[in-house]
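[1] sharing a model that was predicted from the sequence below.
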Amino acid sequence: MYVAYYGFRERPFALTPDPEYMFLAHDHRMALTMMEYGLTQQAPIMLITGEVGCGKTTLIRYLLSRLDESTTVGLISNVGRSFSDLLKWVSMAYGLSYQGLDDAALHDAFSQFLIREYAANRRVLLIVDEAQNLGADLLEDLRVLTNINADKHVVLQVVLVGQPELRTMINGPAFRQLAQRISVDHHIEPMDQEDAHWYVRHRLRVAGGEVSLFRNAAIRLICEASCGVPRLINQLCDAALVYGYAGRSPRIERVIVEEVLQDKSKGGLFQAGRSTQPIPILRDA
């Protein structure tokens, strides 16, 4: 619909994670820097948290696009409440055989895989997205996996990515040993007004459109209504473009965004972002 009308090559505010559209706001840049530092410094476990829709998955995809063949990556991105049998999921993430093997055989096969990668001078990275759904037992199983070492070298590095409740859980007394193995951690907050402004313009540019398509007043209102949450910004911007196209408006004015918000409030499905409380920093107990 509006793509051709506004001169885009594709929709600039699609909700699917796309590293091509990665905008490194302050917290995203810090999280990326911390993860890249952790990789080079053999951090056994890294923790990245943030509210729903704050761009954690897009950031992980962007990190993966920056890694070369010296890093072997396994990605577990579909963790659900019924998730179980961690070793099988880890084996699948690296393309290893797992069918018909018991836990002892799976652990041995994975250990041998880590040793082979270490001998080939390749680091092994496991990324678990939506890790707040793992639960206590699977988090402990994951910690045990990171105990596999070669001499003084860490042969498996883990990035746990999840919502704030993951950090709250790990800060509890039951996860003392896990917390002590987390040497890199960062919490991604919603974007402030300035970052959100440039975020909108960045996505317009990447999609091949005019960066000034949205009036400043329209962007300010979108930022306020979304509380700086990228996914909510995308929802509002995409809807504003549809409304703008319907009214054949050459620019997205504030009044268009007001109409979008009014209609969404009637439907009751749009959930405004929420500010977060300060997040504790993990420390060795």
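    Yep, it's here.

[2] before we move on, what SS does the residue lying closest to C237 once chain neighbours are set aside have?
    With Cβ to Cβ, 6 or more residues apart in numbering as the criterion, C237 has its nearest non-adjacent residue at 4.4 Å, and that residue is F13. For glycine as for every other residue, the C-beta is placed from the backbone atoms N, C-alpha and C. What DSSP: H, G, I helix; E, B strand; the rest coil gives for F13 is coil.

[3] report the contact partners of F13.
    R203, I233, N234, Q235, C237, D238, L241 (Cβ atoms under 8 Å, 6 or more residues apart in numbering).

[4] now the strands for the stretch 101-250 of the chain?
    Here the stretch 101-250 of the chain has its strands, by DSSP state E, counting those that start in this stretch, at 123-128, 149-150, 153-154, 157-162, 182-188.

[5] of all these, which one is nearest A136?
    Nearest of the strands of the stretch 101-250 of the chain to A136, taken as Cβ to Cβ: strand 157-162 at 13.6 Å.

[6] who does that closest one pair up with?
    Strand 157-162 has its sheet partners listed here by DSSP bridges as strand 45-50 (parallel), strand 123-128 (parallel).

[7] most tightly packed of those strands?
    Each of the strands paired with strand 157-162 was scored by mean neighbour count; the highest is strand 45-50, a mean of 26, by mean count of other Cβ atoms under 10 Å.

[8] and the contacts of that one?
    Under Cβ under 8 Å, 6+ apart, the answer for strand 45-50 is 27, 31, 34-35, 38, 56, 59-60, 143, 146, 157-164, 166-167, 170, 178, 181-189, 279, 282.

[9] what stretches of the stretch 151-285 of the chain score poorly on pLDDT?
    151, 268-269, 271-285 (pLDDT under 70).

[10] again, only this time at 50
    275-285 (pLDDT under 50).

[11] what segments of it are helices?
    164-170, 176-180, 193-206, 216-226, 230-246, 254-267 (DSSP state H, counting those that start in this stretch).

[12] okay, the shortest one in CSV with CA atoms only?
    This points to helix 176-180. Extracted in CSV, the C-alpha atoms of helix 176-180 (Å, rounded to 0.1, in the frame of the first residue of the first chain):
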residue,chain,number,x,y,z
ARG,A,176,24.5,-17.8,43.6
GLN,A,177,26.9,-20.1,41.7
LEU,A,178,25.4,-19.0,38.3
ALA,A,179,25.6,-15.3,39.2
GLN,A,180,29.3,-15.7,40.0
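
[13] pull out the buried residues from it.
    Neighbour-count burial for helix 176-180 flags L178, A179 (criterion: 16 or more other Cβ atoms under 10 Å).

[14] i'd like the first residue to be 13 from this point on
    With 13 as the first residue, the last one maps to helix 188-192.

[15] output the contacting helices and strands for that helix.
    Contacts defined by 3 or more Cβ pairs under 8 Å, 6 or more residues apart in numbering; DSSP states H and E place helix 188-192 against helix 147-157.

[16] got the angle between the helix it packs on and strand 194-200?
    130 degrees (axes from the mean of the first three to the mean of the last three Cα atoms, to 10 degrees).

[17] show residues contacting helix 147-157.
    57, 95-96, 98-99, 102, 122, 138, 140, 143, 146, 168, 170, 172, 181-182, 186-187, 189-190, 193.

[18] which of those residues are buried?
    Using 16+ other Cβ under 10 Å, the buried members of the contacts of helix 147-157 are 57, 95, 98-99, 102, 122, 138, 140, 143, 146, 168, 170, 172, 181-182, 187, 190, 193.

[19] hang on, Y257 packs against Y14?
    Yes. With contact defined as Cβ atoms under 8 Å, Y257 reaches Y14; the gap is 3.7 Å.

[20] state the number of residues packed around R243.
    17 (other Cβ atoms under 10 Å).

[21] likewise for S109?
    11.

[22] contact partners for the residue most central in space within the chain?
    Computing the C-alpha centroid of the chain and ranking residues by Cα atoms, centre = their mean puts K68 first, at 1.7 Å. Applying Cβ under 8 Å, 6+ apart to K68 gives the contacts I60, T61, G62, D141, V173, G174, I200.

[23] residues in contact with stretch 222-233?
    Residues contacting stretch 222-233 (Cβ under 8 Å, 6+ apart): 18-19, 205, 208-209, 212-213, 216-217, 234, 249, 252, 263-266, 268-270, 273.

[24] counting neighbours, which of those residues end up buried?
    Here, 16+ other Cβ under 10 Å leaves 18, 208-209, 212-213, 216, 234, 249, 252, 264-266, 268-269, 273 buried among the contacts of stretch 222-233.
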